[in-house]
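> quick check, what structure comes out for this input:
(one chain, ligands or ions: 1)
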Amino acid sequence: MSKGKCIILCAPSGSGKTTLVRHLLDQRDLNLTFSISATTRKTRKDEQNGKDYHFFNIVEFMEKIDNEHFLEYEEVYSGVFYGTLKDSVEALLEDHNVIFDIDVEGGIKLKRIYKEDALAVFVKPPSIQELSNRLYSRNKDSKESIDIRLAKAKIELLKEKDFDEIIINDNLKSAEELVYNLVREFLYN
Ligand code: 5GP
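Alright, predicted model coming up:
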């Protein structure tokens, strides 16, 4: 079995999961490295290919599915695919712990694969209303895209029981401290 362990952070879009992932990556003692996913979504203006995501067109992505290159993949939004590349994760696990920022279904699949070598954390927004406020205020997505994200969030919130730990991201500082302690405990105790 691989040497490193997996930390899987899942949450409805806008719950602050990415901020928590960045916080954990900054903690050198955790020896975490980020799993860069593949996606067919358009690159946002502040993103770089190979750093934030591996951006593929739909044909390239389908080829990777056919050739079984993914540990898991999901059509996260209609017509938009995201997936975790098997080879890159296995290479990272050789000498790092790996952190995943992926959707709820994908997180449940990875937990089933890595079992006790993975800690699956569900990050919850304080409420759907607060989630809506956050999605609008970060000003990254269109109203249509936000409505889709909110509809998906309501379904995702029903799946929290499939996770090892649940964190309510109400106050960022407390959530950062809590997630750090959970991860440290999992990795070293
Ligand atoms: P965004 O488009 O905002 O970067 O991501 C949309 C959603 O896709 C987020 O919930 C993100 O965590 C999820 N996601 C990113 N990478 C993957 C992946 O490799 N697999 C799955 N299943 N979901 C992913």
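> what's the burial count for the closest residue to Lys17 other than its chain neighbours?
Nearest non-adjacent residue to Lys17, counting by C-beta to C-beta, 6 or more residues apart in numbering: Ala11, 4.0 Å away. Using the backbone N, CA and C atoms, a C-beta is placed for each residue, glycine as well. Using other C-beta atoms under 10 Å, Ala11 has 28 other residues around it.
> ok, Ala11 touching Arg134?
No. Assessed by C-beta atoms under 8 Å, Ala11 is found out of contact with Arg134, at 11.2 Å.
> give the residues shared as contacts by those two.
Listed as contacting both Ala11 and Arg134 by C-beta atoms under 8 Å, 6 or more residues apart in numbering are Pro125.
> now do the helices in the protein.
With helices called from DSSP state H, the chain shows them at 17-26, 58-66, 86-93, 104-114, 128-138, 143-156, 172-188.
> so what touches the second one?
The list of residues contacting helix 58-66 from outside it, by C-beta under 8 Å, 6+ apart, reads Ala38, Thr39, Thr40, Phe56, Phe70, Tyr73, Phe81, Gly83, Leu85.
> try it again with 10 Å
Helix 58-66 is contacted from outside by 38-40, 54-57, 69-70, 73, 79-83, 85-86, using C-beta atoms under 10 Å, 6 or more residues apart in numbering.
> quick one: buried ones out of those residues?
With burial judged by 16 or more other C-beta atoms under 10 Å, the buried subset of the contacts of helix 58-66 is 38-40, 54-56, 69-70, 73, 80-83, 85.
> now narrow the residues you listed to whatever sits close to the ligand.
Counting by C-beta under 6 Å from any ligand atom, Tyr82, Gly83 from those sit close to the ligand.
> for the ligand, see how far away Lys64 is.
11 Å (C-beta to the nearest ligand atom, to the nearest Å).
> got it, and Asp141?
Separation of Asp141 from the ligand (C-beta to the nearest ligand atom): 8 Å.
> got it, and Gly107?
From Gly107 to the ligand the distance is 7 Å (C-beta to the nearest ligand atom).
> for Leu131, same thing?
12 Å.
> just name the most buried of the helices of the chain.
Highest mean neighbour count of those: helix 104-114, a mean of 20 (counted as mean count of other C-beta atoms under 10 Å).
> which elements pack onto it?
Judged by 3 or more C-beta pairs under 10 Å, 6 or more residues apart in numbering; DSSP states H and E, helix 104-114 is in contact with strand 6-10, strand 70-77, strand 80-85, helix 86-93, strand 97-101, strand 118-124, helix 143-156.
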